[in-house]
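Undergrad: here is my input; please provide its structure:
(one chain, ligands or ions: 1)
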Amino acid sequence: MKPLELKIYPEPCLRIKTKPVENFDDDLKETLQEMADIMYISNGIGLAATQVGLGADILIIDIGEGLKTFINPEIVEISGRKTKMEEGCLSLPGVIVEVARPEQVKLRAQDRKGEAFIKVYDGLMAKVVQHEMDHLSGKLIIDYLNPFKYFFTARKLARSKHKSGRISQKEKQHVG
Ligand SMILES: [Zn+2]
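TA: Modelled structure (predicted):
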């Protein structure tokens with residue numbers, strides 16, 4: 001398998017809709033390991049499969065509480081009020097967007113072995129889950145900008161020579 005690498009906007013893979021994982025095999029294990037390596041080396045707190053060019057329903061998240069793996073995740077309920085938070089994205093270097101999202105999500109997913117679970121998340125974890133779930137339907141934080149800001153941000157990114165998603169420790173808390 002070709003090593004995975006972080007994909008930066010405007011790579012078309014960031015806009016694909018993903019498909020369910022069916023085989024919980026060694027390939028999946030390897031993919032998860034590579035995704036974790038990429039997330040940690042880039043100082044991210046979350047990473048979706050589309051960000052490494054894969055069209056599969058896979059997310060990993062670590063907000064400082066250990067690595068969590070979500071295969072075939074599905075939001076079954078959102079609740080709480082919408083609050084705004086500044087978010088960044090490893091695939092959109094240097095871009096920070098204030099996004100309003102509900103404070104609580106109930107998520108159904110499978111772990112790395114295929115074991116199904118349902119869990120409720122709130123606070124930062126709920127926000128990161130929603131950010132990463134957006135990735136699996138090809139949605140990016142710049143899609144929350146108004147059309148005017150979107151146009152200029154997208155153009156700036158497309159022209160940017162900055163090809164690394166690595167960000168400073170200071171930005172880390174926002175980035176998935
Ligand atoms: Zn992201």
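Undergrad: tell me who's in contact with the residue nearest in space to the middle of the chain.
TA: The residue lying closest to the centre of the chain (Cα atoms, centre = their mean) is residue 132, at 3.2 Å. Residues counted as contacts of residue 132 (Cβ atoms under 8 Å, 6 or more residues apart in numbering) are 46, 47, 48, 59, 61, 70, 176. For glycine as for every other residue, the C-beta is placed from the backbone atoms N, C-alpha and C.
Undergrad: list the buried residues in the one helix or strand it maps to.
TA: Here residue 132 sits within helix 123-136, counting by DSSP states H and E. Neighbour-count burial for helix 123-136 flags 124-136 (criterion: 16 or more other Cβ atoms under 10 Å).
Undergrad: near the ion, which residues of this structure?
TA: By Cβ under 5 Å from the ion, the residues of the chain that approach the ion are 89, 176.
Undergrad: for the chain, what spans make up the strands?
TA: For the chain, applying DSSP state E gives strands covering 46-48, 58-61, 68-89, 92-110, 116-122.
Undergrad: determine which of those approaches residue 19 most closely.
TA: strand 68-89 (9.5 Å; Cβ to Cβ).
Undergrad: my guess is residue 44 contacts residue 90. True?
TA: Yes: between residue 44 and residue 90 there is a contact at 4.7 Å, judged by Cβ atoms under 8 Å.
Undergrad: mean confidence for the helix holding residue 132?
TA: In this model, helix 123-136 carries a mean pLDDT of 97.
Undergrad: report the angle between it and strand 68-89.
TA: 90 degrees (axes from the mean of the first three to the mean of the last three Cα atoms, to 10 degrees).
Undergrad: closest residue of this structure to the ion?
TA: residue 89 (3.2 Å; Cβ to the ion).
Undergrad: list the beta-bridge partners for that residue.
TA: Per DSSP bridges, the residues bridged to residue 89 are residue 92.
Undergrad: before we move on, the earlier item: mean neighbour count added to the strands of the chain, as JSON lines?
TA: Formatted as JSON lines, these follow (neighbours: other Cβ atoms under 10 Å):
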{"stretch": "strand 46-48", "mean neighbour count": "27"}
{"stretch": "strand 58-61", "mean neighbour count": "26"}
{"stretch": "strand 68-89", "mean neighbour count": "16"}
{"stretch": "strand 92-110", "mean neighbour count": "18"}
{"stretch": "strand 116-122", "mean neighbour count": "13"}
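Undergrad: can you list the ones you listed in JSON lines and add distance to residue 40?
TA: Output for these, formatted as JSON lines (distance: least, Cβ to Cβ, whole Å):
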{"stretch": "strand 46-48", "distance to residue 40": "9"}
{"stretch": "strand 58-61", "distance to residue 40": "10"}
{"stretch": "strand 68-89", "distance to residue 40": "13"}
{"stretch": "strand 92-110", "distance to residue 40": "17"}
{"stretch": "strand 116-122", "distance to residue 40": "21"}
